[in-house]
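Peer 1: I would like the atomic coordinates for the input below:
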Amino acid sequence: MAMIEVEDLHKRYGPVHALRGISFEVERGVLTGFLGPNGAGKSTTLRILAGFLGATEGRVRVSGFDLSTHRLEAAQKIGYMPETSPLYPEMKIEEYLRFRAELKGVGRSKRTEEVGRACELTRIADRRRMLIRDLSKGYRQRVGLADALLGRPPLLILDEPTAGFDPNQVQQVRALLDALREDHTIFLSTHILSEVEATCEEAVVIHEGRVVASGNIEALRQRKRAGVVEVTFHRGEGELKEAALDTWLTREHAIASARRRRTEGELETWRVTLGPGVDPSAIAALVARLVHAGAGIQAVEPLAASLEEVFADLTGGTPDDDDDDPEDEG
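Peer 2: Numbering: from 1, shown residues only. Okay, the predicted model is just below:
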C-alpha cells in the first residue's frame, strides 16, 4: 500500500479551477519531490493532503485512510510544515513545541524527550528558550520543521523547508532529510530544483493543475534527452581528415545539430542532437557512417537532461519563487 494515494483530485475556488483531476502515488519510505511553476497548484495540493483544505472532487488516502471519512486517523500519520509556519511570536521555542506536542497527542511523560529530540535534529536546541519573535526567518523555518517532527509521524509533508536558509543551512537540511528517510516517507515541495536532484528519488511535476510527469528522477532525465549523445573519435586518414565536421555530421536529415565539445590530442568529442521525432536508433546509423568514413570511435555516451531542463520542457518555463495561493492559481 502506498503512503499517499491521490485519485482524480479537483479543487475549485469559484470560477478558478486550481486542480484539474490530478492523480499520483507516493510509495512508503521514498523521498519524493513535488514540483511545478507558480500557480500550478502545489500548495493547494499540500494543504489538501495535510487535511487543512477540502477537495472539490476526488479522493486522497494517507496510509490507507481516506481523508474524507477518516480524517483524524490520517492526520495522526502526518507531520506538515507549511511554507510559512503559523508560529506564536510571544512564546519561547520550547514552550511552543510542548504546546504543539500536546495538541498532537504526545503523552505528558514523553513530551520533554520528544521536544528535545526535535530540537536536536533541527539544530535549535541552543536557542530553545528564545522568544520566537526574536528569531530570523531561517530559524523560524527550523521551528516549523521541528513541529512537523513531533510525534514521529510516518509521513512528512514539507512545503519549501529551506526558504530563508543560507547555503550551509541548506546542506544541513539535506543531511537531515537523508537521515529521516530511514523512518519517514517525505513529500517535499520546493522551487530549488538542485535540492530535489540532490535529495529525492522520485518526482511529481504539475502544471496548470495537472500532473505532467511522475516517476524516478533519473528515468525522467534520461527520457527527456534520449536523442542527444556525445561521440568521441579520431578522424583517421579517410574523408574526415580535412572535413568540416559540423557540416558533415548534419548532412543526414536525422541530425538536427552537431557541435564540438572538446579536443584532446587527436580525439574530438562532438555533441549530436537528433531532429524532433527521430528514432534514437539513428545514432547507430551515424556511428556506422563515421566508421565507414575511417573514424576511430572511442566512446558513444547518451546524455541525460538536468532536472531544470526537464522542468522547463514540461512546464514551458522556469521555476520562480512565488507561492501558489488561490488568487494566483489560474
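Peer 1: Could you list the low-pLDDT ranges of the stretch 151-300 of the chain?
Peer 2: 223-226 (pLDDT under 70).
Peer 1: Apply 90 and report the result again.
Peer 2: Applying pLDDT under 90 to the stretch 151-300 of the chain flags the ranges 160-179, 181-183, 190-199, 217-229, 237-238, 241-243, 251-254, 256-257, 273-284.
Peer 1: Now do the same contact list for the closest residue to V212 other than its chain neighbours.
Peer 2: Spatial nearest neighbour of V212, excluding adjacent residues (C-beta to C-beta, 6 or more residues apart in numbering): L314 at 4.7 Å. Bear in mind the C-beta positions are built from the backbone N, C-alpha and C, glycine included. Applying C-beta atoms under 8 Å, 6 or more residues apart in numbering, we find L314 in contact with V205, H207, V212, A213.
Peer 1: what's the most distant pair in these?
Peer 2: H207 and A213 (9.0 Å; C-beta to C-beta).
Peer 1: picking up where we left off before, which one (most neighbours) among the contacts of L314?
Peer 2: V205 (24 neighbours; other C-beta atoms under 10 Å).
Peer 1: Okay, and that residue sits in which element?
Peer 2: strand 202-207 (DSSP states H and E).
Peer 1: Can you tell me the strand partners of that strand and which way each runs?
Peer 2: When pairing is defined by DSSP bridges, strand 202-207 lines up against strand 31-35 (parallel), strand 210-216 (antiparallel).
Peer 1: Quickly compare these and say which is most buried.
Peer 2: strand 31-35 (a mean of 25; mean count of other C-beta atoms under 10 Å).
Peer 1: moving C-terminal of it, what's the next helix or strand?
Peer 2: Next element after strand 31-35 (DSSP H and E): helix 42-49.
Peer 1: So which residues make contact with that next one?
Peer 2: Residues contacting helix 42-49 (C-beta under 8 Å, 6+ apart): 4, 6, 9, 11, 18-19, 22, 34-36, 53-55, 60, 62, 67, 78, 80, 82-83, 157, 159, 187, 189, 206, 323-326, 329.
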